[in-house]
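>>> model this:
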Amino acid sequence: MNHAVDTSSGDHLLTPDELAEILRISRNTVVDWASRRPERLPPPVRMGRLLRWSRHSVDAWLQSAVQQTPRARRPGRPRKRS
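Below is the predicted model:
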């Protein structure tokens, strides 16, 4: 799936290394997920064999992921049921 990116507006295309740094995962994980589990990453911009990600779409994807993440329960002893 190709997405048009307007680079004149300052939208930067991220490399797999840059995306890995933002997501705090390894470059190998980015490459693996892009080919095997694309649902785990924002949609890429394909340029031939190269994969790039629009900085704007990555930011939007992260924002939506944060809003959808359920709040984790605090670890501890189970509560007594009344």
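>>> any idea how far Arg49 lies from Pro75?
As judged by C-beta to C-beta, to the nearest Å, Arg49 and Pro75 stand 44 Å apart. (C-beta placed from N, C-alpha, C; glycine too.)
>>> again with Ser35
Distance from Ser35 to Pro75, by C-beta to C-beta: 35 Å.
>>> just Arg81 next, same as before
The value you get for Arg81 to Pro75, if C-beta to C-beta is used, is 19 Å.
>>> Leu51 now?
For Leu51, the distance to Pro75 - C-beta to C-beta - is 37 Å.
>>> Repeat that for Trp53.
From Trp53 to Pro75 the distance is 34 Å (C-beta to C-beta).
>>> Now do the longest strand anywhere in the chain: distance to the chain's middle.
Looking across the chain with DSSP state E, the single longest strand is strand 50-54. Distance of strand 50-54 from its chain centroid, counting by C-alpha atoms, centre = their mean, to the nearest Å, is 12 Å.
>>> I'd like the average pLDDT over that strand.
For strand 50-54, mean pLDDT rounds to 96.
>>> other SSEs contacting the helix or strand just after it?
Sequence-wise, the next helix or strand downstream of strand 50-54 (DSSP states H and E) is helix 55-68. With contacts defined as 3 or more C-beta pairs under 8 Å, 6 or more residues apart in numbering; DSSP states H and E, helix 55-68 has these neighbours: strand 13-14, helix 16-23.
>>> Following the chain past the longest one, name the next helix or strand.
Looking back up the chat, that one is helix 16-23. Downstream of helix 16-23, the first helix or strand assigned by DSSP H and E is helix 27-36.
>>> Would you indicate which residues of that next one are buried?
Residues of helix 27-36 classed as buried: 29-30, 33-34 (neighbour count, 16 or more other C-beta atoms under 10 Å).
>>> Adding pLDDT and distance to Leu19 as columns, could you present those in a markdown table?
Shown next, in a markdown table, are these (pLDDT from 0 to 100; distance: C-beta to C-beta, whole Å):
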| residue | pLDDT | distance to Leu19 |
| --- | --- | --- |
| Thr29 | 97 | 10 |
| Val30 | 97 | 5 |
| Trp33 | 97 | 10 |
| Ala34 | 95 | 9 |
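>>> Can you tell me the centre-most residue of this structure?
Nearest to the geometric centre of the chain sits Leu41, at 4.0 Å (C-alpha atoms, centre = their mean).
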